[in-house]
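**Student:** Just need the structure, nothing else, for what follows:
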Amino acid sequence: EIVKRAAAIVGKKPTPGTGTGGGKPSTGGSTTPARYQATINGLTYGYGANGPHVTKVGQALVKKGFGKHYKSGPGPEWTDADTRNYADFQRSLGYTGKAADGVPGEASLKKLLSTLPGKTAAPQYAPFPGAAFFSPGRRSPVITAMGRRLVAEGCGAYTQGPGPHWTNADRESYRRFQKKLGYSGADADGIPGPTSWAALKVPKQL
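**Tutor:** Numbers count the residues shown, from 1 in each chain. You can find the predicted model right below:
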């Protein structure tokens, strides 16, 4: 009976990790590493996170000698390999337990990258002011910004400027831009419409 129980104990398989991220990090790669995410400075890190900031972390890990778990990469999607490599890096800093589970914290990330990347704000564009806005005598910084964008698009018809006054040069420049977009006839009359205005991407005036 004792021999049978001993054999049963020897043959019992270990319980696999749960993969919830609450346990200790994998040291041999046999258990599932942490799979929760952390948001730092507007950017997400941890399993499933995606973006150039993830690639940047992976490249920094490899550069510091913590890339042994990559089979290919690093890449823009955070995988278990990223988690395991980051856990190795955390342990090199003296972290243990959950503090070394492979999901970045602010302090370790700053040590790795020397700075904390931030989420880039989406560019703000001026809303379409309506076709009636573009009439003789109109003066606005929006018109100046529009003219600069037309010049940048290679459609400028200005002898001087662009400036804040709506002029025939603005209309001709805009007509060229409309033709560049494929408009013709009455649709290329030099008066902005909502679709062409959106395509021009005029910066919002603060």
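**Student:** show me the contacts for the most centrally placed residue in the chain.
**Tutor:** The residue lying closest to the centre of the chain (CA atoms, centre = their mean) is residue 51, at 5.2 Å. Shown in contact with residue 51 (CB atoms under 8 Å, 6 or more residues apart in numbering): 43-44, 76. In short, each C-beta sits where N, CA and C put it, glycine included.
**Student:** ok, it to residue 167 distance?
**Tutor:** The spacing between residue 51 and residue 167, counted by CB to CB, to the nearest Å, is 44 Å.
**Student:** what's the following helix or strand after the helix-or-strand element of the chain with minimal mean pLDDT?
**Tutor:** Lowest on mean pLDDT, DSSP states H and E among the helices and strands of the chain sits helix 2-11, with a mean of 38. Towards the C-terminus, the helix or strand next in line after helix 2-11, according to DSSP states H and E, is strand 37-40.
**Student:** List the pairing partners of whatever helix or strand comes next after that next one within its sheet, with orientation.
**Tutor:** Remark: after strand 37-40, the chain's next helix or strand is strand 43-46, criterion DSSP H and E. Partners of strand 43-46 in the sheet, by DSSP bridges, are strand 37-40 (antiparallel).
**Student:** Helix, strand, or coil at residue 55?
**Tutor:** For residue 55, the assignment made with DSSP: H, G, I helix; E, B strand; the rest coil gives helix.
**Student:** Next up, the contacts around the nearest residue in space to it that is not next to it in sequence.
**Tutor:** Distances taken as CB to CB, 6 or more residues apart in numbering put residue 76 closest to residue 55, at 5.0 Å, once the chain neighbours are dropped. By CB under 8 Å, 6+ apart, the contact list for residue 76 reads 50-52, 54-55.
**Student:** Kindly supply the ChimeraX command isolating those of those that are buried.
**Tutor:** Provided next is the ChimeraX selection string for whichever of the contacts of residue 76 are buried by 16 or more other CB atoms under 10 Å:
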select :54,55
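**Student:** Nearest to residue 143 among the contacts of residue 51?
**Tutor:** Within those, the smallest distance to residue 143 is 37.1 Å, found for residue 43 (CB to CB).
**Student:** Neighbours of residue 36, how many?
**Tutor:** By other CB atoms under 10 Å, 13 other residues sit near residue 36.
**Student:** isn't it right next to residue 98, touching?
**Tutor:** No - in this structure residue 36 lies outside contact range of residue 98 using CB atoms under 8 Å: 10.5 Å.
**Student:** the helices in this structure, which residues?
**Tutor:** In the chain, the helices defined using DSSP state H lie at 2-11, 52-63, 80-92, 106-113, 141-152, 168-180, 194-200.
**Student:** Among these, which comes closest to residue 188?
**Tutor:** Using CB to CB, the nearest of those to residue 188 is helix 168-180, at 4.1 Å.
**Student:** Right, I'll call it a day here.
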